[in-house]
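Student: Sequence plus predicted model, see below.
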Amino acid sequence: MSTETADPGHGHSPAAWTAVTIMLIAFVIGTVAFFFELPWLVWASAGLLVVGLLVGWVLARAGYGVGGAKVAPPKVH
């Protein structure tokens, strides 16, 4: 019986890394803006969060997602 599990590769793509980075930056900006009571910047960061989601989706559709045509296959150790 093998103890190895098949890794589906979730999140190991340029699309995922880009989307998560943009959304993480948006979350940090929104948190700081909320602390300093800047509602316009909180809403702008919420918009940036949505932009990050859309960028990830567009990149995945363009072939940069997991298993995409423009992504090198993962190296097996």
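Tutor: Sure, I can see it. Residues are numbered from 1 along each chain as shown.

Student: Does residue 46 touch residue 29 like I think?
Tutor: No - applying C-beta atoms under 8 Å, one finds residue 46 not in contact with residue 29, separated by 9.8 Å. Quick note: C-beta positions are derived from backbone N, CA and C, even for glycine.

Student: okay, the two: which has more neighbours?
Tutor: Ranked by neighbour count (other C-beta atoms under 10 Å), residue 46 and residue 29 place residue 29 first, with 18 against 15.

Student: in which helix or strand would I find the nearest residue in space to the more buried one that is not next to it in sequence?
Tutor: Nearest residue to residue 29, sequence neighbours excluded (C-beta to C-beta, 6 or more residues apart in numbering): residue 45, at 4.3 Å. Assessed by DSSP states H and E, residue 45 sits inside helix 39-59.

Student: Please identify the buried residues of that helix?
Tutor: Residues of helix 39-59 classed as buried by neighbour count (16 or more other C-beta atoms under 10 Å): 42, 45, 48, 49, 52, 55, 56, 59.

Student: Equivalent analysis for stretch 18-35, please.
Tutor: Buried residues in stretch 18-35 (16+ other C-beta under 10 Å): 18, 19, 22, 23, 26, 29, 30, 33.

Student: Distance from it to the middle of the chain?
Tutor: On the basis of C-alpha atoms, centre = their mean, to the nearest Å, stretch 18-35 sits 12 Å off its chain's mean C-alpha point.

Student: Pull that stretch out as CSV, backbone CA atoms only.
Tutor: Only the C-alpha atoms of stretch 18-35 are listed here, as CSV (Å, rounded to 0.1, in the frame of the first residue of the first chain):
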residue,chain,number,x,y,z
THR,A,18,-0.6,36.5,-8.7
ALA,A,19,-4.2,36.4,-7.5
VAL,A,20,-3.3,35.7,-3.9
THR,A,21,-0.5,38.3,-3.8
ILE,A,22,-2.9,41.0,-5.1
MET,A,23,-5.6,40.0,-2.7
LEU,A,24,-3.2,39.8,0.2
ILE,A,25,-2.0,43.4,-0.5
ALA,A,26,-5.7,44.5,-0.8
PHE,A,27,-6.4,42.9,2.6
VAL,A,28,-3.5,44.6,4.3
ILE,A,29,-4.4,48.0,2.8
GLY,A,30,-8.0,47.5,3.9
THR,A,31,-7.0,46.6,7.4
VAL,A,32,-4.7,49.6,7.8
ALA,A,33,-7.4,51.9,6.3
PHE,A,34,-10.0,50.5,8.7
PHE,A,35,-7.6,51.2,11.6
